[in-house]
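*Asks:* Based on what follows, work out the 3D shape:
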Amino acid sequence: MGRTVEIVREARMENVAELRDFVWEAARREGADEEACFDLKLAVDEACTNIVEHGYAGLPPGPIVVTFQREADRLIVTIRDHARPFDPEAVPPPDLESDWPERPVRGLGWHLIRRTMDEVSLASDGERGNRLTLVKSCNPIKQETRSTKET
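*Replies:* So this is what the prediction gives:
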């Protein structure tokens, strides 16, 4: 099992890139494949953007805490905040049928998170805040083995 690493940043748009890059780099250090790293980076970007834009809208920005851990073939990212609770049931399904020019530019974040992750869980507790857990199964990077023959 890999170690747990954590980053805490204020909920501001200028910090979202650092939070998502932190997860990308942690996943790479743990030997995750490119696809798993990309999917996690996308999901973390979407989640943190939503926390900043919707959760803390009209409120002073609070902390976003992102924790990364690897357990066997699973990458686990936990995102915690004290913003307004998020109700995924209130999110309308995205329009995936209309022609591209007619589709809304926004509103795909939660859909992308659910599509790219193998497990997603969300819990809200007034005192402890919100906790989003993202789980991505991964394959380790194959280490090239070289054999040398002595003649």
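
*Asks:* List the contacts of Gly62.
*Replies:* Glu10, Ala11, Tyr56, Asp81, His82, Ala83 (Cβ atoms under 8 Å, 6 or more residues apart in numbering). Any C-beta I mention is one placed from the backbone N, CA and C, and that applies to glycine too.

*Asks:* and the lowest-mean-pLDDT helix or strand in the chain, what does it pack onto?
*Replies:* Here the helix or strand of the chain ranked lowest by mean pLDDT, DSSP states H and E is helix 109-116, holding a mean of 87. If contacts are counted by 3 or more Cβ pairs under 8 Å, 6 or more residues apart in numbering; DSSP states H and E, helix 109-116 sits against helix 34-50.

*Asks:* what about 10 Å?
*Replies:* helix 34-50, strand 119-125, strand 129-137 (3 or more Cβ pairs under 10 Å, 6 or more residues apart in numbering; DSSP states H and E).

*Asks:* where does this structure have low pLDDT?
*Replies:* 1-2, 91-108, 139-151 (pLDDT under 70).

*Asks:* Tell me which residue is most central in it.
*Replies:* Val44 (2.5 Å; Cα atoms, centre = their mean).

*Asks:* does it really touch Val16, like I thought?
*Replies:* Yes - using Cβ atoms under 10 Å, Val44 makes contact with Val16 at a distance of 8.5 Å.

*Asks:* which residues are common contacts for the two?
*Replies:* Ile64 (Cβ atoms under 10 Å, 6 or more residues apart in numbering).
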